[in-house]
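*Asks:* Give me the fold of what follows.
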Amino acid sequence: MNLWTEAVDLHSHTTYSDGVASVRVMAERAAKNGVKVWSLTDHDTAAGWDEAREEANRLGMRFIPGVEITCEVPLLPEENMLDAHQSNPSSWHLLAYFPEGCSHGFIEWLDAMKEARIPRMEGMIQRLSEYGMEINLEEVMAIADGAVGRPHLARVMLEKGMIDTFQEAFDLWIGDEGPAFSPRPLPKIPDVVNKIRSENGISSLAHPYYYGISPKNLGNYLINQKIDAVEAFHRSHSDSLRWALMNIGLPITVGGDSHGTEHNPSPGKMLAPLTHLHSAFHP
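*Replies:* Numbering: from 1, shown residues only. As a prediction, the model looks like this:
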């Protein structure tokens, strides 16, 4: 029996949130890379699920409806862990998976969060205008098929010549510490976990490296909050961190977190151990 697999990728984004490729393109790239179990996890939206399911069926993959939910920060970063981070995180991200689907009420809850992104975007546009950078909300919304976010604003800034590189938008203006950054109301992790559980869903903490918490302390928190799994195998994680996260007492999930961009264009090619992978996602 093969104890490792590259056939699972449970974290990817499309133009329905901050990705740059369509659902069809991402599904075809996943299938080409040998993915057999695939989840689309756009931010705070289920808008791409129907299309993704159709594409997965066409390509012979099992589709798991998923979403990446932006939550309040529950724990302060540890100073000795923040050496590897640019700044304190402004949010944590919880992945929610629904192998058996979810209710219309849950979709409506996601839609409300998606709509809450618009006033926040208006606030950032207003702040940029105070520095002489004039952008209309319509320009940003035109490239956001679903949940509008900072990457869409950064793309408009780049197209209008306000910055030289995409990353410069975050480094100088709209990053968590930037002068044009605007927060938005976020749900608390315990509330989100309860909501996922009420739908018979599975929760997993996305890219735990980003939050500046040691694996031991992170594991204690996740278990205490009844979170089902941890995304130990994320493309940003070192082998040593993956090993540490495999041993905190929770099943793991695996995600390339592809946004279809040049540096990470395709889901798949993520080798992960079947012995630790949550049983709901085995190929």
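
*Asks:* Name the helix or strand for I69, please.
*Replies:* Under the criterion of DSSP states H and E, I69 resides in strand 62-71.

*Asks:* Convert the C-alpha atoms of that strand to PDB, please.
*Replies:* The C-alpha trace of strand 62-71 is given here as PDB (Å, rounded to 0.1, in the frame of the first residue of the first chain):
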ATOM      1  CA  ARG A  62     -14.200  14.000  -6.700                       C
ATOM      2  CA  PHE A  63     -15.200  17.500  -5.800                       C
ATOM      3  CA  ILE A  64     -15.400  18.700  -2.200                       C
ATOM      4  CA  PRO A  65     -17.300  22.000  -1.700                       C
ATOM      5  CA  GLY A  66     -15.100  24.300   0.300                       C
ATOM      6  CA  VAL A  67     -14.700  27.800   1.400                       C
ATOM      7  CA  GLU A  68     -11.900  29.800   3.200                       C
ATOM      8  CA  ILE A  69     -13.600  31.900   5.900                       C
ATOM      9  CA  THR A  70     -11.800  35.000   7.300                       C
ATOM     10  CA  CYS A  71     -12.000  35.100  11.100                       C
END
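
*Asks:* tell me the mean pLDDT over that strand?
*Replies:* Strand 62-71 comes out with an average pLDDT of 98.

*Asks:* CA atoms only: put the helix or strand just after that strand into CSV for me.
*Replies:* The element immediately downstream of strand 62-71 (helix or strand, assigned by DSSP H and E) is strand 92-97. Extracted C-alpha coordinates of strand 92-97, given in CSV (Å, rounded to 0.1, in the frame of the first residue of the first chain):
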residue,chain,number,x,y,z
TRP,A,92,-7.0,33.9,10.7
HIS,A,93,-8.4,31.8,7.9
LEU,A,94,-10.6,28.7,8.6
LEU,A,95,-11.2,26.2,5.8
ALA,A,96,-14.7,24.6,5.8
TYR,A,97,-15.5,21.5,3.8
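
*Asks:* Specify the angle between the strand holding I69 and strand 92-97 in degrees.
*Replies:* Between strand 62-71 and strand 92-97, the angle comes out at 150 degrees (axes from the mean of the first three to the mean of the last three Cα atoms, to 10 degrees).

*Asks:* Show me what the residue most central in space within the chain bridges to in the sheet.
*Replies:* The chain has E68 as the residue nearest its centroid, 4.5 Å off, counting by Cα atoms, centre = their mean. Taking DSSP bridges as the rule, E68 bridges to H43, L95.

*Asks:* Roughly how far does it sit from L205?
*Replies:* Using Cβ to Cβ, to the nearest Å, E68 is found at 11 Å from L205. Bear in mind the C-beta positions are built from the backbone N, C-alpha and C, glycine included.

*Asks:* Find the residues that touch each one of those two.
*Replies:* 93-95 (Cβ atoms under 8 Å, 6 or more residues apart in numbering).

*Asks:* now that we have these, which one has the most neighbours?
*Replies:* L95 (27 neighbours; other Cβ atoms under 10 Å).

*Asks:* ok, that one - contacts?
*Replies:* Contacts of L95 by Cβ under 8 Å, 6+ apart are 10-11, 41, 66-69, 203-206, 231, 253, 255.

*Asks:* And those, which is closest to G19?
*Replies:* T41 (10.2 Å; Cβ to Cβ).

*Asks:* how many other residues sit next to the closest one?
*Replies:* Neighbours around T41, by other Cβ under 10 Å: 27.

*Asks:* tell me the contacts of it?
*Replies:* T41 neighbours (Cβ under 8 Å, 6+ apart): 10-13, 66-68, 95, 206, 255.

*Asks:* Show me where the stretch 101-250 of the chain has its helices.
*Replies:* For the stretch 101-250 of the chain, the helices defined by DSSP state H, counting those that start in this stretch occupy 104-129, 137-141, 150-159, 166-168, 189-198, 215-224, 239-246.

*Asks:* Which stretch among the ones you listed is buried most, on average?
*Replies:* Highest mean neighbour count among the helices of the stretch 101-250 of the chain (mean count of other Cβ atoms under 10 Å): helix 150-159, with a mean of 20.

*Asks:* what helices or strands is that one leaning on?
*Replies:* Identification of packing neighbours for helix 150-159 by 3 or more Cβ pairs under 8 Å, 6 or more residues apart in numbering; DSSP states H and E yields helix 104-129, helix 137-141, helix 166-168.

*Asks:* now with 6 Å?
*Replies:* Helices and strands touching helix 150-159, by 3 or more Cβ pairs under 6 Å, 6 or more residues apart in numbering; DSSP states H and E, are helix 137-141.

*Asks:* That concludes my questions; thank you for your assistance.
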